[in-house]
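*Asks:* no letters, just coordinates:
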């Protein structure tokens, strides 16, 4: 049965517009336009308004511990108490990190709704497994969810084989917003290597910088970083030390219009993240726009096949530099990489993905 009210539960939401934030908000926006009242519940990390409505989406924020002082149990309880005040929803959908996922299960049960979980990566779960008691507790708790979904097909396969054999797991992948479109744009003189994501060491920004330094005299290219500027100062310092100020640019946040233009101007989009299941929303956007993407983990595919030509080992500077040199200088290799993106683009159509959300909700 189609739900009337949905609550999306996430540690990350507006006003930051990184991958998780954009995905959660984009889902809420789409569902609201289809007549399903969809709100977002998130911690108030930045002393913002407790309630804010943007483009038809209402975001509820609650006070909890400071963002740099991790206290998962407190955050779970704070989620539950804040969610209870909002009244009943038909579906409670938690994303990404363990506190909102566990809170989603408990809140749905208390409020007589159904629970859906979406995992973005295996590490968010498996990093807790060094303690066997904690591992048993987490798995038993998560199995109580009415539905488990994953962000990639590879993760779906991994979870099904290792942890949730009795569960039917569905992949709810990300998408490219319809506003990201192929446009005619003047190509710059140098080839653009584009990074889009959190400007943070976990995303492999320093690995990418070091790899680019190895090829800077072999290809005429420029390295551009776009995204939340968490370690912008440190990155700028490293760039200065390398003497590559004229070959790199750290933009930080940009508008959607500018990001669309940068995608179209770029030769390749690279996000060499150091964590597992690292095929983020920016790479999906790049694929839809026909750009080759280089990353450190494969998304898999619904057919079980995989194009692994553009996967590099996490943290391997030499391998990444060789990949960049090849894709920037080998025309035949580049054309094949573009074809790979072309085959994948259909997977990340927003309307098609959101219909999968509706199907999951309706089957609860």
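*Replies:* That came through fine. For clarity, every value in this text was computed on a predicted model and none was experimentally measured. Residues are numbered from 1 along each chain as shown.
*Asks:* all contacts plus neighbour counts: C-alpha atoms, from now on.
*Replies:* OK.
*Asks:* where does the closest residue to residue 263 other than its chain neighbours sit relative to residue 332, distance-wise?
*Replies:* In space, and not counting its chain neighbours, residue 263 is closest to residue 286: 6.5 Å by C-alpha to C-alpha, 6 or more residues apart in numbering. To residue 332, residue 286 is 20 Å away according to C-alpha to C-alpha, to the nearest Å.
*Asks:* which one of those two has more residues nearby?
*Replies:* residue 286 (26 against 11; other C-alpha atoms under 10 Å).
*Asks:* so who does that one touch?
*Replies:* The contact partners of residue 286, taken as C-alpha atoms under 8 Å, 6 or more residues apart in numbering, are 263, 269, 292, 293.
*Asks:* go with 10 Å
*Replies:* Residues near residue 286 by C-alpha atoms under 10 Å, 6 or more residues apart in numbering: 176, 180-181, 194, 196, 260, 263-264, 266, 268-270, 292-293, 341, 345.
*Asks:* in helices only, show me those residues.
*Replies:* Residues of the contacts of residue 286 located in helices (DSSP state H): 260, 263, 264, 341.
*Asks:* pipe those residues into JSON lines and attach pLDDT, neighbour count and distance to residue 360 per row.
*Replies:* As requested, the ones in helices among the contacts of residue 286 are exported to JSON lines (pLDDT from 0 to 100; neighbours: other C-alpha atoms under 10 Å; distance: C-alpha to C-alpha, whole Å):
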{"residue": "260", "pLDDT": "93", "neighbour count": "19", "distance to residue 360": "31"}
{"residue": "263", "pLDDT": "94", "neighbour count": "27", "distance to residue 360": "32"}
{"residue": "264", "pLDDT": "93", "neighbour count": "23", "distance to residue 360": "34"}
{"residue": "341", "pLDDT": "86", "neighbour count": "21", "distance to residue 360": "27"}
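*Asks:* wait, isn't residue 23 in contact with residue 174?
*Replies:* Yes: using C-alpha atoms under 10 Å, residue 23 makes contact with residue 174 at a distance of 6.8 Å.
*Asks:* circling back to that earlier point, host element of the residue nearest to residue 263?
*Replies:* helix 281-288 (DSSP states H and E).
*Asks:* now find how far off-centre that helix is within its chain.
*Replies:* 10 Å (C-alpha atoms, centre = their mean, to the nearest Å).
*Asks:* follow-up on the earlier one: who's more crowded, residue 23 and residue 174?
*Replies:* A count of neighbours by other C-alpha under 10 Å puts residue 174 above the other of residue 23 and residue 174, at 29 against 20.
*Asks:* isn't the more buried one up against residue 20?
*Replies:* Yes: using C-alpha under 10 Å, residue 174 is in contact with residue 20, at 9.5 Å.
*Asks:* before we move on, the earlier item: and the two most separated of the ones in helices among the contacts of residue 286?
*Replies:* Using C-alpha to C-alpha, the pair of the ones in helices among the contacts of residue 286 lying farthest apart is 260 and 341, separated by 16.6 Å.
*Asks:* what touches both of residue 23 and residue 174?
*Replies:* residue 281.
*Asks:* buried ones in the one helix or strand residue 77 maps to?
*Replies:* Taking DSSP H and E as the criterion, the element that holds residue 77 is helix 72-85. Buried positions in helix 72-85, judged by neighbour count with 16 or more other C-alpha atoms under 10 Å: 75, 76, 77, 78, 79, 80, 82, 83.
*Asks:* packing partners of it?
*Replies:* Here helix 72-85 touches strand 5-9, strand 37-43, strand 57-62, helix 98-110, going by 3 or more C-alpha pairs under 10 Å, 6 or more residues apart in numbering; DSSP states H and E.
*Asks:* pipe these into JSON lines and attach mean neighbour count per row.
*Replies:* Converted to JSON lines, these look like this (neighbours: other C-alpha atoms under 10 Å):
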{"stretch": "strand 5-9", "mean neighbour count": "23"}
{"stretch": "strand 37-43", "mean neighbour count": "25"}
{"stretch": "strand 57-62", "mean neighbour count": "21"}
{"stretch": "helix 98-110", "mean neighbour count": "24"}
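*Asks:* same list, the ones you listed, but as JSON lines with distance to residue 51 and mean pLDDT please.
*Replies:* Shown next, in JSON lines, are the helices and strands packed on helix 72-85 (distance: least, C-alpha to C-alpha, whole Å; pLDDT from 0 to 100):
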{"stretch": "strand 5-9", "distance to residue 51": "14", "mean pLDDT": "98"}
{"stretch": "strand 37-43", "distance to residue 51": "10", "mean pLDDT": "97"}
{"stretch": "strand 57-62", "distance to residue 51": "5", "mean pLDDT": "96"}
{"stretch": "helix 98-110", "distance to residue 51": "18", "mean pLDDT": "97"}
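*Asks:* okay, these in TSV with distance to residue 232 next?
*Replies:* As requested, those are exported to TSV (distance: least, C-alpha to C-alpha, whole Å):
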stretch	distance to residue 232
strand 5-9	29
strand 37-43	24
strand 57-62	27
helix 98-110	27
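*Asks:* residue 211 is nearest to which of these?
*Replies:* Smallest distance to residue 211 across the helices and strands packed on helix 72-85 (C-alpha to C-alpha): 33.3 Å, for helix 98-110.
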